[in-house]
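Asks: model this:
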Amino acid sequence: MSKTEVVTVPRPLLLDDGRPAIHAWTLDPEMRHLNHGSFGAVPMIAQQRQNELRAEMDRAPVVWFPGLPDRMAAVRAEIATFLRVDAGDLALVPNASAGASTVYAALAARPGGDIVVTDHGYGAVTMGAERLARGWGTRVRTARVPLAADAERAYEAVMAEVDDSTGLIVLDQITSATARRMPVERVGAEAARRGIPLLVDGAHAPGLLAAPLEGLVCDAWVGNLHKWGCTPRGTAALVVRGPLREDLHPLIDSWNAAEPFPERFDQQGTLDATGSLAAPTALDFIEHTWGWQTARQYMDELAEHGARIVGAAFAGGPAEPIDVGMPVPGMRLVRLPDGLGTTRIEADALRDRASAELGLEAAFTSFDGIGYLRLSAHVYNTPADYEYFAEECVPVVRAWAREARRSGSTR
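Replies: Predicted coordinates:
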């Protein structure tokens, strides 16, 4: 940092009554919550709405379930407005992985067609692609995209694994482990030109991006609303605009099975749909309290501030930011000391240890044999959260690294 550079510390967001934003959530006050990106956090008002809906369902289930399709259709329309897509293109699914599995089940085998993924892909979605490839009698080809690759280099890395017989491309819009964008718009345009199906995993996009499908051509897109959108868990969107929609069916066949897409997804047996029905309450809470644009700007400025001070604490002085090539708002990577989080299993063990010993919810990730701390920021976070990590937790994590280098393990 130069001597003339002015560092702006974001001012914490407040509720309408002047209290800190976190008072709208039921998060444990004894813990620091720096990993919104993994499972989200549901504000009290949405929890209360879901509880009301569950009580209504349990008071008269024989009334509730036959009337569910109409209510789901109304909610789909509200969620479509939030995502800036047509309600007729959007179905509700339990999560992004379920949406990906739905797409996999609908795709016809393309003779000799391999499936292309990247080394940044979300593990469960990649596992689904591997299962599909086994069923097709083909293979999965993994495009290696350097962490620092810009849009051009990332595009070239993906397309280097694609040929005219490719059966499917699966590409993250925002990567989970590495908190970077992928050039889904450009890959989508080229895939469409070649007639190759593209599934975009937009799990992190709703709420983090204002219009995640704007300018995007793809056969299917899936996104979680429970992450940055703060809706109850079990709420995700599947958007399909092309001919694939005729072959898409929910993973559970029910009485709406004969309806067209997306209406056939509005009833799936006795699944608890109250999370989806309460989703607009969460989305509207953010909009009416701060506005989504203000919220996104705050989250990004706070994530940048957090990465700066935590990175400096690990480095013992000003640290160069991690170059992720195509950065995203609200998340940043900080490199861990050598010896920590070199594999996904080791990174998960760090997550569990930090929770148990430091009272900290944080995301530890691994990419290309290097461990990272993936910082998230949401409206309820404040600069004090990251200052606490830098002052109280970094010395302990550095001690863990010394311990790991001595023992050869992070456990």
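Asks: From now on I want contacts and neighbour counts done on CA atoms only, so please keep to that.
Replies: OK.
Asks: max-length strand in the chain?
Replies: strand 370-376 (DSSP state E).
Asks: Would you list the phi and psi of the nearest residue in space to His378 that is not next to it in sequence?
Replies: Distance criterion C-alpha to C-alpha, 6 or more residues apart in numbering; nearest residue to His378, sequence neighbours excluded, is Met299 at 5.2 Å. Main-chain torsions, Met299, degrees, to the nearest 10: phi -60, psi -40.
Asks: mind saving the C-alpha coords of the longest strand of the chain as PDB?
Replies: Taking C-alpha atoms only, strand 370-376 is exported to PDB below (Å, rounded to 0.1, in the frame of the first residue of the first chain):
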ATOM      1  CA  ILE A 370      -2.600 -24.900  -2.000                       C
ATOM      2  CA  GLY A 371      -4.800 -24.100   0.900                       C
ATOM      3  CA  TYR A 372      -6.900 -20.900   1.100                       C
ATOM      4  CA  LEU A 373      -9.200 -19.100   3.400                       C
ATOM      5  CA  ARG A 374     -12.300 -18.100   1.400                       C
ATOM      6  CA  LEU A 375     -13.700 -15.100   3.200                       C
ATOM      7  CA  SER A 376     -17.400 -14.200   2.700                       C
END
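Asks: just checking, what packs against it?
Replies: Counting contacts by 3 or more C-alpha pairs under 8 Å, 6 or more residues apart in numbering; DSSP states H and E, strand 370-376 packs against helix 292-315, strand 331-335, strand 363-367.
Asks: of all these, which lies closest to Pro12?
Replies: helix 292-315 (8.3 Å; C-alpha to C-alpha).
Asks: Check which residues of that closest one are buried.
Replies: 292, 295-314 (16 or more other C-alpha atoms under 10 Å).
Asks: Going along the chain, name the helices of the stretch 1-150 of the chain.
Replies: Taking DSSP state H, counting those that start in this stretch, the helices of the stretch 1-150 of the chain run over residues 36-39, 44-59, 61-83, 96-106, 123-136.
Asks: between these, which gets nearest to Leu277?
Replies: Nearest of the helices of the stretch 1-150 of the chain (C-alpha to C-alpha): helix 61-83, 6.1 Å.
Asks: what angle separates that closest one from helix 44-59?
Replies: 150 degrees (axes from the mean of the first three to the mean of the last three C-alpha atoms, to 10 degrees).
Asks: Contacts for helix 61-83 next, please.
Replies: Residues outside helix 61-83 that contact it (C-alpha atoms under 8 Å, 6 or more residues apart in numbering) are 56-57, 86-87, 90-92, 206, 210-213, 263, 266-267, 270, 276-277, 279-280, 283.
Asks: Show me how to select, in PyMOL, the buried members of those.
Replies: Selecting only the buried entries of those in PyMOL, with 16+ other C-alpha under 10 Å as the criterion:
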select buried, resi 57+87+90+91+92+206+211+212+213+263+266+267+276+277+279+280+283
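Asks: Okay, and which of the contacts of helix 61-83 map to strands?
Replies: 90-92.
Asks: want to throw the residues you listed into CSV with distance to Thr231 and pLDDT?
Replies: CSV is the format used below for the ones in strands among the contacts of helix 61-83 (distance: C-alpha to C-alpha, whole Å; pLDDT from 0 to 100):
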residue, distance to Thr231, pLDDT
Leu90, 17, 98
Ala91, 16, 97
Leu92, 13, 97
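Asks: so which of the residues you listed would you say is closest to Ala108?
Replies: For the ones in strands among the contacts of helix 61-83, the nearest to Ala108 is Ala91 (20.5 Å; C-alpha to C-alpha).
Asks: The closest one reaches Gln268, doesn't it?
Replies: No: Ala91 is beyond contact range of Gln268, at 11.9 Å (criterion: C-alpha atoms under 8 Å).
Asks: Flag the shaky bits of the stretch 301-411 of the chain, pLDDT-wise.
Replies: Applying pLDDT under 70 to the stretch 301-411 of the chain flags the ranges 408-411.
Asks: what residues go with each domain of the chain?
Replies: If you go by automatic domain parsing, the domain ranges for the chain are 21-30+291-407, 46-285.
Asks: With Ser38 as the reference, name the closest of those.
Replies: So among the domains of the chain, domain 46-285 is nearest, using C-alpha to C-alpha, at 6.7 Å.
Asks: Need the distance between the two termini of the closest one.
Replies: From its first residue to its last, domain 46-285 covers 8 Å (C-alpha to C-alpha, to the nearest Å).
Asks: before we move on, back to that, could you export the domains of the chain as TSV, including distance to Thr8?
Replies: Output for these, formatted as TSV (distance: least, C-alpha to C-alpha, whole Å):
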stretch	distance to Thr8
domain 21-30+291-407	8
domain 46-285	22
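Asks: Who are the contact partners of the spatially most central residue of the chain?
Replies: Centre of the chain computed as the mean C-alpha position; nearest residue by C-alpha atoms, centre = their mean is His204, 2.5 Å away. When contacts are counted by C-alpha under 8 Å, 6+ apart, His204 is found next to 37, 173-176, 223-224, 227-228.
Asks: For those residues, pick the one with the most neighbours.
Replies: Asn224 (31 neighbours; other C-alpha atoms under 10 Å).
Asks: Ala129 versus Asp163, what's the distance?
Replies: 17 Å.
Asks: Between the two, point out the one with more neighbours.
Replies: Ala129 (24 against 14).
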